[in-house]
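Colleague: just the structure for this:
(one chain, ligands or ions: 2)
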Amino acid sequence: MTRIFFNEVVTRDGFQIEPNFIPTDEKIALIDGLSECGYAKIEVTSFTSPKAIPMLRDAEEVMGRITRVPGVEYTVLVPNLRGAERAMESRADEFNLVMSVSETHNLANLRMTREQSWASLTDVVRYVDGRTPINVSLSTSFGCPMEGDVPQAEVLRWAQRFAGLGVRGLSICDTTGMAHPKQVAQLMETLQQHVPHIEFTLHFHNTRGMGLANVLASVQVGMTRFDGSLGGLGGCPYAPGASGNMCSEDAIHMLDAMGHDTGIHLDKLLQLARRLPQVVGHDVPGQVAKAGRITDLHPAPSCPAA
Ligand code: COA
Ligand code: ZN
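Modeller: Ligands and ions are numbered 1, 2, ... in the order given. Next comes the predicted model:
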């Protein structure tokens, strides 16, 4: 039985693509509920420009008002030095820096070339100076909706550069659901071999229905950390065709059924997932919240009279 660690990203990646502003109180209530479910980490919000991501313009207030449960790490997305200063002020437990392995997506999402992002993120690492652990999310690591294939060697090159800066972790992100299981296994084997002493997290989107298969492929090559989004919400507003993250409760349900230890209280999580359509105002893609767990039994339909 493997211990698997989940990072819940619904209030960051999940909400950032939603068209209607979700009230701050709703975000806080949801995060406080998630904190009771046994997550290793929760990505609460992002300290990006409020013009770029208006949904998360209340980042300071959310970070200030959530109830922090000991043992849960509260991480935030940080795109630049200004974001890092705001994150430091809010006492985030981890800074999740972001850049894209694809030049075109980096320009669209962050309005910087990759080298400009590298320079900016290097400044962030210097500014943080070991006070807070740093994770770097490498977007479009499995393919870019504008450039197509992203060579494995490029992902390796950026992973090695950031490892050289002394970051704690790297998230290998499939921003628009282009990864397939064989590719996932190959890339993660390569990264583990050539970039030791780094905590790798897998970040999948289920855009083409390959999310759970990719989780399984990752576990089979020894990966133990995953991002997931409640209800399968999410997507990057600056990546054409982006849609839902891998659904947390569906992945956790599968791994639990296989005998892995996710540390998650699935019944509590399913209650939150069932309330989510009310919070966002529409149906959500997650399946287990609708179908119930495989252990939920139903009464036999009564037979018609002969
Ligand atoms: N927090 C708050 N405001 C910020 C900011 C931050 N981290 N970074 C920049 N700004 C503000 C500046 O103060 C400036 O404000 P002004 O117009 O009132 O003077 C404005 O944004 C423009 O600043 P500039 O340095 O020119 O940045 P930019 O407009 O090129 O934006 C990013 C760069 C990275 C901040 C922006 O593209 C961004 O936030 N992108 C979001 C990426 C994202 O979260 N994508 C989804 C997740 S992968
Ligand atoms: Zn994502």
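Colleague: got the end-to-end distance for stretch 290-299?
Modeller: End-to-end span of stretch 290-299 (Cα to Cα, to the nearest Å): 17 Å.
Colleague: typed the wrong thing, it's stretch 20-27
Modeller: End-to-end distance for stretch 20-27: 13 Å, by Cα to Cα.
Colleague: in it, what's buried?
Modeller: 22, 26-27 (16 or more other Cβ atoms under 10 Å). C-beta here means a position set from N, CA and C on the backbone, and glycine is covered the same way.
Colleague: and stretch 189-200, by the same measure?
Modeller: 190-191, 195, 198, 200.
Colleague: before we move on, what about stretch 47-54?
Modeller: Residues 47-49, 52-53 are the ones in stretch 47-54 that count as buried (16+ other Cβ under 10 Å).
Colleague: repeat for stretch 3-22
Modeller: Residues of stretch 3-22 classed as buried: 4-18, 22 (neighbour count, 16+ other Cβ under 10 Å).
Colleague: return the subset of the buried residues of stretch 189-200 lying in strands.
Modeller: Judged by DSSP state E, the subset of the buried residues of stretch 189-200 located in strands is Phe200.
Colleague: widest-spaced pair of the buried residues of stretch 189-200?
Modeller: In terms of Cβ to Cβ, the buried residues of stretch 189-200 reach their longest pairwise distance at Thr190 and Ile198, which sit 12.7 Å apart.
Colleague: first-to-last residue distance for stretch 172-190?
Modeller: Start-to-end span of stretch 172-190 (Cα to Cα) is 12 Å.
Colleague: quick check: buried residues in it?
Modeller: 172-181, 183-185, 187-188, 190.
Colleague: stretch 289-304 too?
Modeller: Applying 16+ other Cβ under 10 Å to stretch 289-304 flags Ala289 as buried.
Colleague: hmm, back to that, and for Thr190 and Ile198, which residues touch both?
Modeller: When Cβ atoms under 8 Å, 6 or more residues apart in numbering defines a contact, no residue borders Thr190 and Ile198 alike.
Colleague: can you check the pLDDT for the residue nearest to Gly143 when sequence neighbours are not counted?
Modeller: Distance criterion Cβ to Cβ, 6 or more residues apart in numbering; nearest residue to Gly143, sequence neighbours excluded, is Met178 at 3.1 Å. pLDDT recorded at Met178 is 97.
Colleague: pretty sure Met178 contacts Phe142?
Modeller: Yes: if you go by Cβ atoms under 8 Å, Met178 and Phe142 touch, sitting 5.2 Å apart.
Colleague: helices along the protein, start to end?
Modeller: Secondary structure of the chain (DSSP state H): helices at 24-35, 59-65, 81-89, 103-110, 114-128, 152-164, 181-194, 211-220, 248-257, 266-280, 288-291.
Colleague: so which of these is nearest Leu233?
Modeller: Per Cβ to Cβ, nearest to Leu233 of the helices of the chain: helix 266-280, 6.8 Å.
Colleague: returning to what we had before: any chance of the buried residues of stretch 20-27 in a markdown table with pLDDT and distance to Thr67 as columns?
Modeller: A markdown table is the format used below for the buried residues of stretch 20-27 (pLDDT from 0 to 100; distance: Cβ to Cβ, whole Å):
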| residue | pLDDT | distance to Thr67 |
| --- | --- | --- |
| Ile22 | 98 | 18 |
| Glu26 | 98 | 15 |
| Lys27 | 98 | 13 |
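Colleague: dump the residues you listed into TSV; add distance to Arg157 as well.
Modeller: As requested, these are exported to TSV (distance: Cβ to Cβ, whole Å):
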residue	distance to Arg157
Ile22	38
Glu26	41
Lys27	36
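Colleague: quick one: end-to-end distance for stretch 273-288.
Modeller: By Cα to Cα, the extent of stretch 273-288 from end to end equals 9 Å.
Colleague: return the set of buried residues in that stretch.
Modeller: 273, 275-276, 279-280, 284-286, 288.
Colleague: any stretches of the chain with poor pLDDT?
Modeller: 306 (pLDDT under 70).
Colleague: how about the residues of it by ligand 1?
Modeller: When proximity is defined by Cβ under 6 Å from any ligand atom, the chain lies next to ligand 1 at 16, 46-49, 51-53, 79-80, 82-83, 86, 98, 109-111, 139, 236, 238.
Colleague: do that again at 8 Å, thanks
Modeller: Where the chain comes near ligand 1, counting by Cβ under 8 Å from any ligand atom, the residues are 12-13, 16, 46-53, 56, 77-83, 86, 98, 100, 109-112, 137, 139, 175, 236-238.
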